[in-house]
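Asks: Sequence plus predicted model, see below.
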Amino acid sequence: MRILLDTNAYSSLMRGSRDLILQVHRSKRVFLSTIVVGELLYGFFHGSRREDNLRRLSEFLQNSRVSVVPVGFATAELFGRISADLRRNGSLIPSNDIWIAAHAMETESSLLSYDPHFERVEGLDWRALS
């Protein structure tokens, strides 16, 4: 199984969510979108536990099964298609989440997130967290 963690899923994992810990351990590959990394870093630099959070992210990224997915042409193409589909259907979602969905689709991963609006993205394997 391949998973891509949304920002809220990564945060929950770092807070010790048993469900997420099990899903990460069962996965062959774990991905973080560069968009997710940016959102995390914003929170770290804005928050009071910057050094601890940076250290934990660095340790997480050192795992050989974990990769950061860069934005490339394939990602941009998926972003454009998803955005156009959502606009046509009148069901927009935040732009960062469209990029994250594009990365999940590009890597053929299940996106783990608490955000229900991901269900609007056609063709996305979204796993709702609760």
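Replies: Looks like it came in fine.
Asks: in the longest helix seen in the chain, what counts as buried?
Replies: The residue-count maximum for a helix in the chain (DSSP state H) belongs to helix 73-89. Across helix 73-89, burial judged by 16 or more other CB atoms under 10 Å covers T75, L78, F79, I82, S83, L86. In this view, the C-beta of every residue, glycine as well, is placed from N, C-alpha and C.
Asks: from the residues you listed, which two are the most distant?
Replies: Farthest-apart pair in those is T75 and L86; separation 16.1 Å (CB to CB).
Asks: what about E59, neighbour count?
Replies: Using other CB atoms under 10 Å, E59 has 10 other residues around it.
Asks: tell me what the helix or strand that it is a member of is packed against?
Replies: Using DSSP states H and E, the element containing E59 is helix 50-61. Other elements packing on helix 50-61 under the criterion 3 or more CB pairs under 8 Å, 6 or more residues apart in numbering; DSSP states H and E are helix 7-14, helix 34-46.
Asks: For E106, see how far away the residue sitting furthest away from the middle of the chain is.
Replies: Distance to the chain centre peaks in the chain at R88, reaching 24.1 Å (criterion: CA atoms, centre = their mean). Counting by CB to CB, to the nearest Å, the separation of R88 from E106 is 21 Å.
Asks: Touching, G47 and N53? I think so.
Replies: Yes - the pair G47 / N53 is scored as a contact, 6.9 Å apart, by CB atoms under 8 Å.
Asks: list the contacts for A101?
Replies: Applying CB atoms under 8 Å, 6 or more residues apart in numbering to A101 gives the contacts L78, I82, L111, F118, V121, L124, W126.
Asks: since we're on the fifth one, how many residues are nearby?
Replies: When you say that, I think you mean V121. 23.
Asks: which residues are in contact with stretch 13-32?
Replies: 1-5, 9-10, 12, 53, 56, 60-61, 63, 65-69, 103-104, 107, 109, 112, 129.
Asks: swap that for stretch 111-121, please
Replies: 3-6, 8-9, 12, 20, 23, 82, 85-86, 89, 91, 93-94, 97-98, 100-101, 104, 124-130.
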